[in-house]
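Chemist: here's a sequence, model it:
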Amino acid sequence: MVKRAVRGKDEGKARRKKVAGAGSNAGSGPEAAAGVGAGPGAAPAVVGRVELTSRERFALMYRHKEADRVPIIDSPWGPTVERWRREGLPEGAGVGEFLGFDLTAGIGVDNSPRYEERVIEETEEYRITVSKWGATMKNWKHKASVPEFIDFTIKDRKSWEETKKRMTFSGDRVNWERLQKNYRSWRERGAWIAAHGWFGYDVFASWHVGTERMLQAMIEDPEWCMDMFGTALDLDLKLLDMVWDKGYQFDCLEFPDDLGYRNGLLFSPNTYREVLKPFHKKACDWAHAKGAVVMLHSCGNITKLIPDLIDAGFDGLNPLEVKAGMDLLAIKKEYGDRLVLQGGIDARKMKDGAAIEEEIRTKLPEAKKGGGYIFHSDHSLSSDISLGDMCRVVALARWYGSYSR
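Modeler: Model (predicted):
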């Protein structure tokens with residue numbers, strides 16, 4: 001299921017200066033708008049007398065070249081950040097700002113049917129709301145979890161056709177004020193900027209239609225699924241074309257599409273190829289035509305699909321979920337020259353200092369070879385990870401992720 005996590009604030013400043021000798025310092029930056037970590041700190045990293053910004057560092061990874069160190073980002077849940085505030089994360093400081101994540105920023109657009117958003121019930125513990133997609137859901141305020149879905153507006157072809165009529169192109173589906181306020185600063189500070197897509201199997205299964213209903217439809221009514229994927233994607237791309245043409249260009253297109261679970265794929269490779277892959281390829285082709293790379297977020301064990309993902313045009317894959325059986329080093333060995341890998345570090349071990357050091361020490365030196373690796377946990381960071389735990393993780397990632405040792 002797709003997870004959206006809190007990742008810091010659009011705060012903090014970066015200082016760029018020439019420094020003799022080799023070294024590595026924290027990046028700086030804004031909160032990502034969905035999908036990547038972010039955060040400021042001191043100066044950009046330095047190799048010899050050449051400074052590397054986060055954008056330069058990410059770009060080298062996607063060219064499968066070594067940099068000063070691997071990029072470092074991550075994704076804590078909201079309740080995790082609440083805990084970290086109690087443990088000393090300063091009020092007003094973004095998570096990435098405090099921890100020194102690489103500087104990333106996100107550009108999102110609204111391709112929803114724009115149903116009325118409203119709150120149905122709210123207590124100290126939870127809130128029940130209706131989304132812009134007409135989904136009724138219960139969100140726990142102080143627990144790290146995905147929503148509990150209660151009902152959906154889209155349940156069949158008829159309800160989809162009514163929904164589809166509402167998904168019309170208009171300029172007010174972009175937050176222009178945010179871009180005008182922040183874009184220049186992102187570029188000046190060397191941010192890696194990603195545009196965010198919202199379409200595909202998992203988006204509709206997890207958020208708009210329901211998992212059981214979508215899995216049945218993938219087999220029994222694939223044309224309906226393809227119409228939903230294509231409609232959402234086409235509106236996304238048309239809106240992002242408008243963003244690009246107005247000068248707000250980006251380095252990467254990324255989007256979520258969970259295709260597996262703990263024991264393997266949610267549907268067969270043939271179903272993927274026939275029903276979903278054409279839309280993945282269309283998104284990748286569109287991004288590549290602009291000179292942007294494409295990162296897919298897909299939880300679960302999707303090892304069997306990796307050749308198809310590469311064929312569709314994906315440049316990167318995350319989060320490489322360890323508990324689902326994704327093997328970072330095996331995937332690096334087999335596909336590391338063609339696919340940027342992000343994640344694969346077992347978040348369950350982050351509470352244990354010795355265990356997480358062993359995890360990072362045995363994986364990162366191999367994963368970083370030849371570029372093509374971005375440090376991130378294999379999942380969102382849960383609230384059983386303390387602020388001290390995470391500070392240790394970042395320090396270990398900097399140490400073992402450096403290309404100077």
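
Chemist: quick one: low-confidence ranges for the stretch 1-150 of the chain?
Modeler: 1-51 (pLDDT under 70).

Chemist: for it, which segments count as strands?
Modeler: Under the criterion DSSP state E, counting those that start in this stretch, strands of the stretch 1-150 of the chain are mapped to 45-47, 50-52, 104-107, 118-122, 126-130, 136-140, 148-151.

Chemist: any idea which of those is most buried?
Modeler: For the strands of the stretch 1-150 of the chain, the largest average neighbour count (mean count of other CB atoms under 10 Å) is found in strand 104-107, namely a mean of 27. Any C-beta I mention is one placed from the backbone N, CA and C, and that applies to glycine too.

Chemist: ok, that strand: who's next to it in the sheet?
Modeler: strand 192-196 (parallel) (DSSP bridges).

Chemist: any chance of a markdown table for the strands of the stretch 1-150 of the chain, columns distance to residue 342?
Modeler: Shown next, in a markdown table, are the strands of the stretch 1-150 of the chain (distance: least, CB to CB, whole Å):
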| stretch | distance to residue 342 |
| --- | --- |
| strand 45-47 | 18 |
| strand 50-52 | 18 |
| strand 104-107 | 12 |
| strand 118-122 | 35 |
| strand 126-130 | 31 |
| strand 136-140 | 27 |
| strand 148-151 | 28 |
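
Chemist: for residue 194, find the nearest of these.
Modeler: strand 104-107 (5.4 Å; CB to CB).

Chemist: could I have the CA atoms of that closest one written out in PDB?
Modeler: In PDB, the C-alpha atoms belonging to strand 104-107 read as follows (Å, rounded to 0.1, in the frame of the first residue of the first chain):
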ATOM      1  CA  THR A 104      15.300  17.200  -2.500                       C
ATOM      2  CA  ALA A 105      12.100  18.900  -3.500                       C
ATOM      3  CA  GLY A 106       8.800  17.700  -5.100                       C
ATOM      4  CA  ILE A 107       6.400  19.100  -7.600                       C
END
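
Chemist: gap between that strand and the chain center?
Modeler: How far strand 104-107 lies from its chain's middle: 10 Å, per CA atoms, centre = their mean, to the nearest Å.

Chemist: can you map out the strands along the stretch 301-405 of the chain?
Modeler: Taking DSSP E, counting those that start in this stretch as the criterion, the stretch 301-405 of the chain carries its strands at 316-318, 340-342, 373-374.

Chemist: buried deepest among these, which one?
Modeler: strand 373-374 (a mean of 28).

Chemist: which residues are in contact with it?
Modeler: The contact list for strand 373-374 (CB atoms under 8 Å, 6 or more residues apart in numbering) reads 58, 61, 70-73, 316, 318, 332, 336, 340-343, 364, 367.

Chemist: returning to that earlier point: tabulate the strands of the stretch 301-405 of the chain (TSV), appending distance to residue 87 and mean pLDDT.
Modeler: TSV is the format used below for those (distance: least, CB to CB, whole Å; pLDDT from 0 to 100):
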stretch	distance to residue 87	mean pLDDT
strand 316-318	27	98
strand 340-342	27	98
strand 373-374	26	99
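
Chemist: would you turn these into TSV with distance to residue 293?
Modeler: Listed next are these as TSV, based on distance: least, CB to CB, whole Å:
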stretch	distance to residue 293
strand 316-318	7
strand 340-342	8
strand 373-374	12
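
Chemist: which of those strands sits closest to residue 136?
Modeler: That would be, of the strands of the stretch 301-405 of the chain and by CB to CB, strand 316-318, which comes in at 29.7 Å.

Chemist: ok, back up a step: between the strands of the stretch 1-150 of the chain, which one is nearest to residue 237?
Modeler: Nearest of those to residue 237, taken as CB to CB: strand 104-107 at 13.1 Å.

Chemist: please, where are all the helices along the stretch 101-250 of the chain?
Modeler: Ranges of helices within the stretch 101-250 of the chain are 157-164, 176-188, 201-203, 211-220, 222-245, based on DSSP state H, counting those that start in this stretch.

Chemist: those: which one's closest to residue 398?
Modeler: helix 176-188 (22.8 Å).

Chemist: name the residues of the closest one that are buried.
Modeler: Buried residues in helix 176-188, counted by 16 or more other CB atoms under 10 Å: 179, 182-183, 186.
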